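# what follows is a predicted structure for the sequence shown.
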Amino acid sequence: MLDPAADWLAPQSLELARALPAQCYVDPCFDKIDRDAVFARSWQRCAHVAQVPGCGDHALAQIGAVPLLIIRGDDGKLRALHNVCRHRAGPLATCDGRGATTLVCKYHGWAYALDGLLRGAPEMGRAKDFDPAAVRLPVARLAEWQGHVFVALNGDAPAFDDVIAGIEARLREPVGPHVFDRRVSYEVACNWKVYVDNYLEGCHVPHVHPRLERVLDGARYTTQTARWHSLQSRPLADATLYGAGEALYYFIYPNTMLNVLPGRLQTNHVVPLGADLCRVDFDYFYADAVTATRRAEDQHFSDEVQCEDIAICEAVQRGLASGSYTPGRLNPQRESGLHHFHELLRAAYRASAPR
């Protein structure tokens, strides 16, 4: 349980800030704290509209511990239904699919309409006062932006327009027209926050990613923070792979990344799987003009960078679990995005701490 009087929970200025304590990354009790304080009260990217173009098309997703079903209904509307039967918690779907006419629980066969209303419950006729019309799958909040589907579990999350405010104005080309190419997923033996921390600072790039450092102009690295997102940007120093332009790395609290390069969008979604394990889903999108050869080169390069990140994140997790670590000072020039993330976490933890 969080102690609301703990010193590390107090707001910290960037110039004096320290990192979060090791307990936030290694203590199993933070799994539940993060589910309740962070994931239940925020927006996360869960799908792309290309996955659910027609009636009955659906895609699996998960926020915290809650399994979700992103589905297009008979009315053409997208909904985020809880993928948990109201009978005895069985799943309505176990994989992405197309053209479903009803959602049938894989455990006992209860059947639901595409809007989540119960339509059939086998052999429940003798159950006294049982009214199928009163049974409905819970529905989460859903927003579409640039072809991407974001979901929030309840009303505690901020207005979605506030979360993405300012991003479109900064993009040189809209990300919506990019076409989905593939998904690649990685399991990483670290806490989900270790992976996000690593994404949010440029200090490690020269030491961990030598090839990436040659592609990006590190001397012109900048970070900008907004209320619910941050942006790291660098001009491209080597135009061989991506052409001229800049690299934009957007982080949308708490676990969504948009990596924008000329002609290419890559989204990352960090899914916590335990105190010391997470999964990162990489979705690749390209403009039509990008050739198959360039796509393959981009994916090979990205995999190289990701393998480097996995190695360092897993080493950091071991260091945090060693008992040796005490929170270090943050670099105000290179770690302002990390500080921004930690302050959002501290605020979420304070709001959920017992009074």
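Arrived safely, thanks for sending.
# quick one, strands of the stretch 151-300 of the chain?
Per DSSP state E, counting those that start in this stretch, the stretch 151-300 of the chain carries strands over the ranges 179-188, 222-225, 229-235, 246-252, 256-261, 264-274, 277-286.
# any idea which of those strands gets closest to P138?
Proximity of those to P138 was assessed by Cβ to Cβ; the nearest stretch is strand 264-274, lying at 20.2 Å. (C-beta placed from N, C-alpha, C; glycine too.)
# the closest one: which residues count as buried?
By neighbour count on 16 or more other Cβ atoms under 10 Å, the buried set for strand 264-274 is 264-272.
# same question, stretch 46-60
For stretch 46-60, a neighbour-count test (16+ other Cβ under 10 Å) marks 46-49, 51-52, 55-60 as buried.
# how far out from the middle of the chain is stretch 32-46?
Here stretch 32-46 is found 10 Å from its chain centre; the criterion is Cα atoms, centre = their mean, to the nearest Å.
# can you list contacts of it?
Surrounding stretch 32-46, the residues in contact under the criterion Cβ atoms under 8 Å, 6 or more residues apart in numbering are 2, 59, 61, 63-65, 68, 70, 80, 143, 148-154, 156-158, 160, 163, 192-193, 252-256, 267, 269, 272, 345, 348-349, 351-352.
# L68 and H342, how far apart?
Note on L68: its distance to H342, by Cβ to Cβ, to the nearest Å, is 27 Å.
# thinking again about what came up before, can you flag which of the buried residues of stretch 46-60 belong to strands?
Counted as lying in strands by DSSP state E, out of the buried residues of stretch 46-60, are 46-48, 58-60.
# now for V149: which residues touch it?
For V149, the set of contacting residues under the criterion of Cβ under 8 Å, 6+ apart consists of 45-49, 52, 70, 78, 80, 142-143.
# want to throw those into a markdown table with distance to R88 and pLDDT?
Converted to a markdown table, the contacts of V149 look like this (distance: Cβ to Cβ, whole Å; pLDDT from 0 to 100):
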| residue | distance to R88 | pLDDT |
| --- | --- | --- |
| R45 | 30 | 96 |
| C46 | 25 | 96 |
| A47 | 27 | 95 |
| H48 | 32 | 94 |
| V49 | 32 | 95 |
| V52 | 27 | 97 |
| I70 | 23 | 98 |
| L78 | 27 | 98 |
| A80 | 22 | 98 |
| L142 | 26 | 98 |
| A143 | 31 | 98 |
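# residues in contact with the closest residue to L114 other than its chain neighbours?
By the measure of Cβ to Cβ, 6 or more residues apart in numbering, the closest residue to L114 outside its immediate chain neighbours is G73, 4.2 Å from it. With contact set as Cβ under 8 Å, 6+ apart, G73 has these partners: 55, 79, 114-115.
# ok, now how distant is the nearest residue to A244 once chain neighbours are set aside from F301?
What sits nearest to A244 in space, not counting adjacent residues and going by Cβ to Cβ, 6+ apart, is L236, at 6.5 Å. Applying Cβ to Cβ, the value for L236 to F301 is 13 Å.
# go on, W145?
Relative to F301, W145 is positioned 27 Å away (criterion: Cβ to Cβ).
# what's the answer for D96, then?
Taken as Cβ to Cβ, the spacing of D96 relative to F301 amounts to 28 Å.
# re the thing from before, of W145 and F301, which one has the most company?
In terms of neighbours (other Cβ atoms under 10 Å), W145 is the more surrounded of W145 and F301; the figures are 18 against 15.
# OK, contacts around that one?
Shown in contact with W145 (Cβ under 8 Å, 6+ apart): 160, 164.
# any idea what it is bridged to?
As for beta bridges, W145 partners with H148 under DSSP bridges.
# tell me which of the contacts of V149 is nearest to R294?
Proximity to R294 was ranked across those by Cβ to Cβ; first place goes to H48, at 20.9 Å.
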